[in-house]
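Enquirer: Based on what follows, work out the 3D shape:
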Amino acid sequence: MEPKVSAVVTAMTDAEKPFIADTLNSMTDDPYLGQILVCVEQNNSWIAPIVDQSNDKRIQILYLPMMIVSAARNRGVEVADFEWIAFCDGDDMWCPGKTRIQLAVGCQEKASFIGTDHYLADENGRIRACALACYIPMPSSWLVEKSILIAHPFNENVRQGQDGEWWIRTHPTVKKVRCPIKLIKYRVRPNSLSSLRPSKKRKALVVQAASIPILDKVIFGITYLLWYFFRKDEYRWRDKSWGKNPALNTT
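Expert: Model (predicted):
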């Protein structure tokens, strides 16, 4: 099976340290991954032992000056070896078969961008709920042709919502398709960079409530049914309302 994908993993702060091993472990069984680039701050002292322990020669550490996540993603794309790029934040996890399923969808739909749906997980990585993911996919689920990202890099002058800005800017030129399968475990944790956004606060409340015995099954069941009945093979958000409606500034 020939590798086709370079993964660009961002872990630019010490906050990712407790979770990055789970992130990398969730990728190592993926036969389509030929390269895993871990973007870290240039003075990072903890990533090397974690990578050495994984004993996976595909993992490479990319030391960078401190920069926003979109800039780190751009640097990872620039040095990636393979034709497809998969992003992942350093505290999220992939589900088995992620890139295989996405590549199949991309081939079938002749698309350069394939997003997937995701679970909400607690800080310990336990799945607690299903997310709707109907407007825009979270970057940890993106699979994009490298040529597209070279032609249309993230705007490094945008401080927040870089994925949304990219989404709108590339709408006329990049065919984006949705794979309505949950292939990401999005870790909801306090003190993350996005934890102050209204949508992330709602996710945190759902995950917190789902930590209560019995209520956990109720919440998972309700969110699964909502996801199941509202899932589609396309994303709803196509206009230029980014920033005007806070509810849409989210995945």
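Enquirer: Between its first and last residues, how far does stretch 149-162 reach?
Expert: By C-alpha to C-alpha, to the nearest Å, the extent of stretch 149-162 from end to end equals 13 Å.
Enquirer: buried set for that stretch?
Expert: Using 16 or more other C-beta atoms under 10 Å as the burial criterion, the residues of stretch 149-162 that qualify are Leu149, Pro153, Phe154, Val158, Gly161, Gln162. C-beta here means a position set from N, CA and C on the backbone, and glycine is covered the same way.
Enquirer: Any regions of this protein where pLDDT drops low?
Expert: Applying pLDDT under 70 to the chain picks out residues 191-198, 238-251.
Enquirer: one step back: now, which of the buried residues of stretch 149-162 sits nearest Lys57?
Expert: Each of the buried residues of stretch 149-162 was scored against Lys57 by C-beta to C-beta, and Leu149 proved nearest at 24.3 Å.
Enquirer: circling back: of the buried residues of stretch 149-162, which is the nearest to Lys232?
Expert: After measuring these against Lys232 - C-beta to C-beta - the closest member comes out as Gly161, at 22.9 Å.
Enquirer: and the spatially closest residue to Thr99 that is not a sequence neighbour, how many neighbours?
Expert: Across the structure, with C-beta to C-beta, 6 or more residues apart in numbering as the measure, the residue nearest Thr99 apart from its sequence neighbours is Tyr32 (4.4 Å). For Tyr32, the number of neighbouring residues by other C-beta atoms under 10 Å comes to 20.
Enquirer: Does Tyr32 touch Pro3 like I think?
Expert: Yes: A contact is recorded between Tyr32 and Pro3 when judged using C-beta atoms under 8 Å, the distance being 5.9 Å.
Enquirer: In a strand, Ala7, correct?
Expert: Yes: remark: Ala7 belongs to a strand, assigned using DSSP: H, G, I helix; E, B strand; the rest coil.
Enquirer: contacting residues around it?
Expert: By C-beta atoms under 8 Å, 6 or more residues apart in numbering, Ala7 lies in contact with Met27, Leu33, Gln35, Ile36, Leu37, Ile85, Ala86, Phe87, Cys88.
Enquirer: and of those, the nearest to Ile101?
Expert: The closest of the contacts of Ala7 to Ile101 turns out to be Ala86 (C-beta to C-beta; 11.9 Å).
Enquirer: Just to be sure, that closest one is in a strand?
Expert: Yes: Ala86 sits within a strand when classified using three-state DSSP.
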